[in-house]
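*Asks:* build me a model:
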Amino acid sequence: MRIYFNELIKAFLRKSTIGIFIALTVLNGVMLYVNENSTDALYTPKQYREMYAEISGRPAADVYAELCDRKTALEENDSDLVQLELTETVLTEVEAVSGYDDYLSGIDERAKKMTAISIFSDPDSFSYKNIAKTPDDFAHLKGSALKVSPSKGVDMATGFLPTDIIAFLMIMTVIVTIVAREKELEQLTLSRTTFKGRASLGTVKLFTCFAAAFVALVMLYSVNFIIAYNTYGFGDISRQIQSVLSFNGSNLKISVSEYFVFFLLTKLIVYCTFAALIYLVTAVSDSAVKVYAILAVILAGESALYYTIQPTSYLCPLKYINLVAFADTKQLYSEYLNLNIFGEPYGYFYIFFISVIILLTGFSVCSVVIFAKRGVIRSRTRRISLHFPEIHHTSLFLHECYKILINGKVLFILLAFAALVYASYTPIKERFYSKEEIYLKQYILKYEGELTEEKEQAIALEGKALDEYDTSGDEISSMIKMQDLAEKRSAYETFKKHIDYLKQNGGEIVYDSGYKLLTGNESAGSKDTTMALTAMAMLICTLTYVYSIEYQTGASVLLHTSPKGRGAVFICKLIIGVLIVTIVYILTYAPYFYGVLKAYGTREINAPACSMEHLKGFSISIKAYLILLCVVRFFTLIAAMLLIFFISKKAKSFIAALLIETAVLVLPLVLCLWFGWRLI
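*Replies:* So this is what the prediction gives:
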């Protein structure tokens, strides 16, 4: 027991671990709040709560009829769009409650009709057995008395998947501290020298990993439940879970409070499985890089299976008996699902628990056994050796270049990245998704440049010409002309609105489709975030080695012998780091800039940036804005480089530095892509 307490102290009382846990918990809460408030809903959570405070506790049928009348009145007045959208949202939730008996009856009727259809009528087929099984699984829910209560709070508290990504990082932080880092520093050779001792220590470390899973669960979901409760509220938690809209299709007869308990217990089992897997990979790997790479490959593969396999596919067991599916614990309780196991329908609810317990047991046993037999992570792994002519010198800078670029394989990483960029480069072509866009371009090029009174008059005449457009002819010709007129008129209206914007805010008439792609307009989609993610990932791969290797090999002792020595080494590393950042920056951004400018041209590049509506308020030229944007991005990468140096120096471990840098620099960008958040 004493050794277990010592491992807990070692794992959880390190300043870096405490800082990471607190930072990730805050990040989780911020992302949850931002995600919930970044929707396009016109109403506020406060208005949602107030409406439910008014209708909760009343019979669902009466509330449904009242909301229908209220919606009709709002549609007729067409005045308060906020109240209309709020009423429609609440009405959808109340309708599911009031019509639940009809929903259950519909399951029986659909089963009878579908089994009579020829494609489902084979009694030996999975489809027939699945359809026939469904009514029996829902039969015990008939006569359920559902209550009107808010649904959004329950969904918000238990349906935020990024929480699981953050929990994975928190658990990995502990395992890195108690296993990987000790292997790198060869401390395990001193900890336990006998086989029995190593097995005992391995078991203790496994339970420390489980403790990390518990701490991550408590910290993260305490925040989730508090924020969800204060945002929407949970309503009457004694009500049946089917009262929550997203759980309407569940066949489990449990209350909301019971769901919360079962959800947290299930999530704890899943997190312990994550912990056992990470521990197993760490025990197996003899290299810090392998730990990171293997986990990345496993998660990428599991994600690909989960998001690409269709639920109706015969491969669906690979989709749901899957670590990513296990993380989506809410789905386990909110959806009714049978898996096709050798042609027989088996409930996913039971398969889930059988699978996760088998995996948890298997990972745990294997990890302890392998930990007891494996050695330490070697700081010096077998490397590709290149034979250069021997040059004897005392240049600190050249020694650092060799150590980083050759020994650290940074040169090979950069060459591989350059080859990948070259092989994947596809020339960008100007695209038009409708004739309206073509007509809009014609208007812009016709009146391109400074907006003058003569141009305004000519633009007004364009509108009159459209009003007098001749659509006469035979029936087919007339229809074609009318369609063409509608597209021209739509393009003209868009152009006219832009002219009105220029009158109020200044600027010139510019064909800005290409410039919008380069300056982060909505038309660029997630390209900016994708390039930023690529650049950050490359910086982590190339720069983490720069300082962590000094601690891994023990050279840090020599670096601290004199202030002048530390300063000189830092200057050398800084110069090399800036060169690496410059190469990564050019390889990441230059191909896209070149492709866009070649496809769309540089017409009116000296026009004011405020000529584009999303750059309202910028009086500098478009060229100056693009240059400023490039400079800001470059110095952002320089700042990221310095942060990587700081983290790798403080972490004193290659894999620990990789983990922290991923959480700080990569995770926010991944979540931006996931949720479609735009970087400011």
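*Asks:* only C-alpha atoms from now on, for both contacts and neighbour counts.
*Replies:* Will do.
*Asks:* right, and Leu440 touches Ala491 too?
*Replies:* Yes. Between Leu440 and Ala491 there is a contact under CA atoms under 8 Å: 5.0 Å.
*Asks:* which SS class is Leu339?
*Replies:* strand (DSSP: H, G, I helix; E, B strand; the rest coil).
*Asks:* number of residues surrounding it?
*Replies:* 25 (other CA atoms under 10 Å).
*Asks:* is it true that it touches Phe349?
*Replies:* No. If you go by CA under 8 Å, Leu339 and Phe349 don't touch, sitting 9.8 Å apart.
*Asks:* what about Tyr346, which SS state?
*Replies:* strand.
*Asks:* need the contact list for it.
*Replies:* 338-340 (CA atoms under 8 Å, 6 or more residues apart in numbering).
*Asks:* buried ones in stretch 303-319?
*Replies:* 303, 305-306, 309, 311, 314, 316-317, 319 (16 or more other CA atoms under 10 Å).
*Asks:* can I get it in PDB, CA atoms only?
*Replies:* Extracted C-alpha coordinates of stretch 303-319, given in PDB (Å, rounded to 0.1, in the frame of the first residue of the first chain):
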ATOM      1  CA  SER A 303     -12.000   6.800 -35.700                       C
ATOM      2  CA  ALA A 304     -11.900   5.800 -39.400                       C
ATOM      3  CA  LEU A 305     -13.900   2.600 -38.600                       C
ATOM      4  CA  TYR A 306     -16.400   4.500 -36.400                       C
ATOM      5  CA  TYR A 307     -17.100   7.300 -38.800                       C
ATOM      6  CA  THR A 308     -17.000   5.500 -42.200                       C
ATOM      7  CA  ILE A 309     -18.800   2.200 -41.600                       C
ATOM      8  CA  GLN A 310     -22.600   2.500 -42.000                       C
ATOM      9  CA  PRO A 311     -24.800   1.200 -39.100                       C
ATOM     10  CA  THR A 312     -26.500  -1.200 -41.500                       C
ATOM     11  CA  SER A 313     -23.300  -2.700 -42.800                       C
ATOM     12  CA  TYR A 314     -22.300  -6.200 -42.000                       C
ATOM     13  CA  LEU A 315     -19.100  -4.600 -40.600                       C
ATOM     14  CA  CYS A 316     -21.100  -2.700 -38.000                       C
ATOM     15  CA  PRO A 317     -19.400  -4.700 -35.100                       C
ATOM     16  CA  LEU A 318     -16.200  -3.000 -36.100                       C
ATOM     17  CA  LYS A 319     -18.000   0.300 -35.900                       C
END
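*Asks:* 47 is where my numbering starts, stick with that
*Replies:* Happy to do that; since the first residue is 47 now, the last one works out to stretch 349-365.
*Asks:* now do it: everything it contacts.
*Replies:* Against stretch 349-365 from outside (CA under 8 Å, 6+ apart): 366, 368, 370-371, 385-387.
*Asks:* and those residues, which of them are buried?
*Replies:* 366, 368, 370-371, 385-386.
*Asks:* neighbours of Ala685, just the number please.
*Replies:* 12.
*Asks:* can you check Tyr479 too?
*Replies:* Other residues close to Tyr479 by other CA under 10 Å number 7.
*Asks:* quick one: it is in a strand?
*Replies:* No. Secondary structure of Tyr479 (three-state DSSP): coil, not part of a strand.
*Asks:* gap between the residue nearest to Ile101 when sequence neighbours are not counted and Asn123?
*Replies:* Distance criterion CA to CA, 6 or more residues apart in numbering; nearest residue to Ile101, sequence neighbours excluded, is Val109 at 6.6 Å. The gap separating Val109 from Asn123 is 21 Å, by CA to CA, to the nearest Å.
*Asks:* so those two - more neighbours on which side?
*Replies:* Between Val109 and Asn123, counted using other CA under 10 Å, the more crowded position is Val109 (20 against 9).
*Asks:* now name the helix or strand holding that one.
*Replies:* helix 106-123 (DSSP states H and E).
*Asks:* and that helix, C-alpha only, in PDB?
*Replies:* Output of helix 106-123 as PDB, limited to C-alpha atoms (Å, rounded to 0.1, in the frame of the first residue of the first chain):
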ATOM      1  CA  ALA A 106     -48.100  17.300 -22.000                       C
ATOM      2  CA  ALA A 107     -51.200  17.300 -24.100                       C
ATOM      3  CA  ASP A 108     -52.400  20.700 -22.800                       C
ATOM      4  CA  VAL A 109     -48.900  22.200 -23.200                       C
ATOM      5  CA  TYR A 110     -48.700  20.900 -26.800                       C
ATOM      6  CA  ALA A 111     -52.000  22.400 -27.800                       C
ATOM      7  CA  GLU A 112     -51.100  25.700 -26.200                       C
ATOM      8  CA  LEU A 113     -47.800  25.900 -28.000                       C
ATOM      9  CA  CYS A 114     -49.400  25.000 -31.300                       C
ATOM     10  CA  ASP A 115     -51.700  27.900 -30.900                       C
ATOM     11  CA  ARG A 116     -48.900  30.200 -29.900                       C
ATOM     12  CA  LYS A 117     -46.800  29.200 -32.900                       C
ATOM     13  CA  THR A 118     -49.800  29.800 -35.200                       C
ATOM     14  CA  ALA A 119     -50.300  33.300 -33.800                       C
ATOM     15  CA  LEU A 120     -46.600  34.100 -34.100                       C
ATOM     16  CA  GLU A 121     -46.500  33.000 -37.700                       C
ATOM     17  CA  GLU A 122     -49.500  35.100 -38.600                       C
ATOM     18  CA  ASN A 123     -48.000  38.200 -37.000                       C
END
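*Asks:* from what I see, the residue nearest to Ile101 and Val140 are in contact.
*Replies:* Yes. Judged on CA under 8 Å, Val109 makes contact with Val140 at a distance of 7.4 Å.
*Asks:* pLDDT of stretch 173-188, averaged?
*Replies:* Stretch 173-188 shows a mean pLDDT of 82.
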